[in-house]
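Chemist: the amino acid sequence is not available; the structure is as follows:
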């Protein structure tokens, strides 16, 4: 005391008071005010702090557990009130601390609950701050780094086996920060999956598949994560691909459920698309019928006013072989047939009909054309009492051969993703055997029983119209 120095007990009391005054109030830990106060306090001391004592194994383990928990929980975990001392220490060391996420407004209206499918979970938020690899790409690992990575992986496996999946995530992260690999990322994704964090699992699996596109584990874990989110199509695709690389019974059970769900969705989707197509077709047919009705009414009005007859669609004087004065009874009904109207709008068919105006006898040579023969077959029933068509002798209309049906089998995966298949067929033509290549485009979502028709692709026989070849989709 005589030399101007403070005795030991008094100095300790004064240091305690200064630390108490310098300690930050709640909410100040990120401002840096406490750090400056402590620095001033430490600078005012007349003696250096005592040397750091050695820590016991238990103390080190407890400290490591705290760090692991903070690493896994992120900024929100670090903002916990009980970790104020730890934030003070980091601030003294000059660390930049992340700001905690803002709390939800208590007065804000609560979001309406989302109804989840059975076995599904609510989507988790993706934390992009979780590392997917080392901070910087380095050279070869040192022996110490290799030992640390191996120890972290071993500890992660033990924690996962014990059911501590959060701890396993932290340990896998330690290993990934040393050196990343597709397998380690897939294992961490599996731990996230056990914690019902499917989006974080998908994030890890995406990174793993960039490193190894054939990683069966990453594909199967991602498929199971999609299953938790109710993304049945993506789940079916990933599980199918992963199981084809490396089959296991556990994933097979999940795949069975996923395939059943996705099959039901495909059927419902196909049914809806078919209903929409039918509605459009019905609307188009109704519009066509109304247009034909208006044309017929206009025709009848012209005839009543003394106008000359003619063929609907612009053939003055009527169709060859028809009596003058307009359409014979019954032809108006045939002309309301959508298929007949579609054929009449074909430019090639229109040209043939115009040719018949000047040369009715050309009809015989046109019968070899399947399109013209089909049109003749449609209107033949009402031509029987009219002496033939344009001087053409009456003859039996060519009959169409029955369709040829063949089944094509595909896997559920092929039907879900779609594909293009080319086939070569051989048929009997006018001049002998002919080879034809046909392309079958299977659209995603097609189901069993869907038919693809290739009109008039069957054998050509005299006096007949070639058969249609029909391919029917079936499942392997």
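Modeler: Arrived safely. Keep in mind that this is a model prediction, so the values were computed, not measured. Residues are numbered from 1 along each chain as shown.
Chemist: the stretch 51-200 of the chain: strands as residue ranges?
Modeler: Read by DSSP state E, counting those that start in this stretch, the stretch 51-200 of the chain holds no strands at all.
Chemist: what segments of the stretch 51-200 of the chain are helices?
Modeler: 57-73, 75-78, 84-92, 143-161, 165-178, 182-194, 198-211 (DSSP state H, counting those that start in this stretch).
Chemist: which parts of the third one are buried?
Modeler: The neighbour-count criterion (16 or more other Cβ atoms under 10 Å) identifies 86, 87, 88, 90, 91 as the buried residues of helix 84-92. The C-beta positions use only the backbone N, C-alpha and C, and glycine is treated the same way.
Chemist: re the thing from before, please identify the most buried of the helices of the stretch 51-200 of the chain.
Modeler: Of the helices of the stretch 51-200 of the chain, the one with the most neighbours on average (mean count of other Cβ atoms under 10 Å) is helix 182-194, at a mean of 24.
Chemist: save the helices of the stretch 51-200 of the chain as JSON lines, and put in mean pLDDT and distance to residue 227 too.
Modeler: Below are the helices of the stretch 51-200 of the chain laid out as JSON lines (pLDDT from 0 to 100; distance: least, Cβ to Cβ, whole Å):
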{"stretch": "helix 57-73", "mean pLDDT": "79", "distance to residue 227": "24"}
{"stretch": "helix 75-78", "mean pLDDT": "74", "distance to residue 227": "28"}
{"stretch": "helix 84-92", "mean pLDDT": "82", "distance to residue 227": "39"}
{"stretch": "helix 143-161", "mean pLDDT": "92", "distance to residue 227": "20"}
{"stretch": "helix 165-178", "mean pLDDT": "93", "distance to residue 227": "18"}
{"stretch": "helix 182-194", "mean pLDDT": "95", "distance to residue 227": "10"}
{"stretch": "helix 198-211", "mean pLDDT": "95", "distance to residue 227": "8"}
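Chemist: what's the closest of the ones you listed to residue 224?
Modeler: Among those, the nearest to residue 224 by Cβ to Cβ is helix 182-194 (6.0 Å).
Chemist: test my guess that residue 266 contacts residue 413.
Modeler: No: look at residue 266 against residue 413 with Cβ atoms under 8 Å: they stay out of range, at 11.7 Å.
Chemist: which of these two has more residues huddled nearby?
Modeler: Taking other Cβ atoms under 10 Å, residue 266 and residue 413 do not tie; residue 266 has more neighbours (21 against 17).
Chemist: ok, the more buried one - contacts?
Modeler: Listed by Cβ atoms under 8 Å, 6 or more residues apart in numbering, the contact set of residue 266 reads 415, 416, 445, 447.
Chemist: chain center to whichever strand or helix holds residue 251: distance?
Modeler: Using DSSP states H and E, residue 251 falls within helix 249-304. Helix 249-304 sits 23 Å away from the centroid of its parent chain (Cα atoms, centre = their mean, to the nearest Å).
Chemist: can you check stretch 136-154 too?
Modeler: Relative to its parent chain, stretch 136-154 has a centroid offset of 38 Å by Cα atoms, centre = their mean.
Chemist: for residue 471, see how far away the residue nearest the centre of the chain is.
Modeler: Geometric centre of the chain, nearest residue: residue 234, 5.7 Å, by Cα atoms, centre = their mean. Separation of residue 234 from residue 471 (Cβ to Cβ, to the nearest Å) stands at 29 Å.
Chemist: next one: residue 186
Modeler: In terms of Cβ to Cβ, residue 186 sits 41 Å off from residue 471.
Chemist: likewise residue 185?
Modeler: 44 Å.
Chemist: so where is the chain shaky, pLDDT-wise?
Modeler: Within the chain, the ranges that satisfy pLDDT under 70 run 1-53, 99-116, 137-138, 306-336, 358, 361, 380-397.
Chemist: try it again with 50
Modeler: In the predicted model of the chain, residues 1-6, 22-35, 37-39, 41-47, 49, 111, 114, 307-318, 320-327, 384-393 satisfy pLDDT under 50.
Chemist: save the helices of the stretch 51-200 of the chain as a markdown table, and put in distance to residue 220 too.
Modeler: Below are these laid out as a markdown table (distance: least, Cβ to Cβ, whole Å):
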| stretch | distance to residue 220 |
| --- | --- |
| helix 57-73 | 24 |
| helix 75-78 | 31 |
| helix 84-92 | 39 |
| helix 143-161 | 16 |
| helix 165-178 | 17 |
| helix 182-194 | 9 |
| helix 198-211 | 9 |
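Chemist: out of these, which is closest to residue 262?
Modeler: Nearest to residue 262, of all the helices of the stretch 51-200 of the chain, is helix 198-211, at 17.1 Å by Cβ to Cβ.
Chemist: gap between the next helix or strand after the closest one and the chain center?
Modeler: Next in sequence after helix 198-211, counting helices and strands by DSSP H and E, comes helix 216-229. On the basis of Cα atoms, centre = their mean, helix 216-229 sits 14 Å off its chain's mean C-alpha point.
Chemist: pull out the buried positions in the next helix or strand after helix 216-229.
Modeler: Sequence order places helix 232-245 as the next helix or strand after helix 216-229, per DSSP H and E. Neighbour counts over helix 232-245 (16+ other Cβ under 10 Å) mark 232, 233, 234, 235, 236, 237, 238, 239, 240, 241, 242, 243 as buried.
Chemist: appreciated, that's everything.
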